[in-house]
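> generate a structure from the sequence data that follows.
(one chain, ligands or ions: 2)
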Amino acid sequence: MSDNPYQDGRGNKDVSLGKDSTSTADPIRKSGAAKPAADTPFLIGENMTGGYGKGPDILHDCTIAVNPGEIAVIVGPNGAGKSTGMKAVFGMLNIHTGRVVLDGEDITALSPQDRVVKGMGFVPQTSNIFTSMTVEENLEMGAFIRRDDFRDTMAQIYDLFPILKEKRYQAAGELSGGQRQQVAVGRALMTQPKVLMLDEPTAGVSPIVMDELFDRIIEVARTGIPILMVEQNARQALEIADKGYVLVQGRNAHTGTGKELLADEEVRRSFLGG
Ligand SMILES: Nc1ncnc2c1ncn2[C@@H]1O[C@H](COP(=O)(O)OP(=O)(O)OP(=O)(O)O)[C@@H](O)[C@H]1O
Ligand SMILES: [Mg+2]
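Ligands and ions are numbered 1, 2, ... in the order given. Have a look, this model is predicted:
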């Protein structure tokens, strides 16, 4: 009875869910968003080398990518360059080798703002909400690039995160850690991204809240929005990952499916606590 695409139980790779495709497009997923899973990445930061300003290189020939309809997870020790890799893909630092390709288009030269217009949604690791604004104002800010009516998208986000609807007139800074992360993800969804990048969406939350957030992230992926995500909770994240990357000192140390990495002796010993 619900027409909420997030409540559909079909598999991750099935992007046909949601409303019938002949009517108005899914308010969150813009038409023309990711097509069904293929082996060509939908978003790739390829062979990236670079760092901050005139400082040393942090990334060394680093590649991270996500395929259509999939969840890709980046794990690795503190300071490994996970956030730097995400920022590089989003255009927040200059890479002097490598490139970023979104849906077949080389976007290496674009500003972060232009990448948002192209369909990238990014939730950074820190300062990802406006704490003094209400929940609803945060979502409205997220819609800054839109000139159309975004109320449907907001309703969808409230369906996905009911607690945000309840607290929509409350200052976002008053919310719990897990609720703030929902605001941050909701804000990014307001642009109807074709791909979503999340840097540690479960940082600092309890295991129960982490599970809930992962469930919501899987729901978003099921609507056809590929997700490239950094996670501190490596084991749990790899369990829901189609693809996983272990980064060490700015380099790709291990790459595989989530299952492969979970089964890899070396990965288990070094990064998953045995
Ligand atoms: N704005 C910055 N300017 C200069 N160096 C930075 C900046 N941000 C991060 N670094 C450096 O880049 C390296 C990688 O940091 P990064 O934040 O990408 O690691 P991370 O893998 O995301 O770590 P964490 O798990 O702690 O979030 C570190 O040596 C860090 O000191
Ligand atoms: Mg980080």
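> now the strands for the stretch 51-200 of the chain?
Counting by DSSP state E, counting those that start in this stretch, the stretch 51-200 of the chain forms strands over residues 57-66, 71-75, 95-102, 105-106, 120-123, 195-199, given from the N-terminal end onward.
> what's the third one packed up against?
If contacts are counted by 3 or more C-beta pairs under 8 Å, 6 or more residues apart in numbering; DSSP states H and E, strand 95-102 sits against strand 43-51, strand 57-66, helix 82-90. For the C-beta atoms, the positions are set from N, CA and C on the backbone; glycine is no exception.
> quick one: mean pLDDT for that strand?
The average pLDDT within strand 95-102 is 97.
> and this protein, which residues reach ligand 1?
Residues of the chain lying close to ligand 1 by C-beta under 6 Å from any ligand atom are 52, 55, 58, 76, 78, 79, 80, 81, 82, 83, 84, 125.
> so which of these reach ligand 2?
Among those, the ones lying near ligand 2 by C-beta under 5 Å from the ion are 82, 83, 125.
> out of these, which comes closest to residue 230?
In terms of C-beta to C-beta, no member of these lies closer to residue 230 than residue 82, at 4.5 Å.
> mean pLDDT for the helices and strands packed on strand 95-102 - can I get that in JSON lines?
JSON lines is the format used below for these (pLDDT from 0 to 100):
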{"stretch": "strand 43-51", "mean pLDDT": "98"}
{"stretch": "strand 57-66", "mean pLDDT": "98"}
{"stretch": "helix 82-90", "mean pLDDT": "98"}
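> so for residue 168, which of these sits nearest?
Distances from residue 168 to each of those were compared by C-beta to C-beta, and the smallest falls on helix 82-90, at 27.5 Å.
> what angle separates the closest one from strand 57-66?
An angle of 70 degrees separates the directions of helix 82-90 and strand 57-66 when computed by axes from the mean of the first three to the mean of the last three C-alpha atoms, to 10 degrees.
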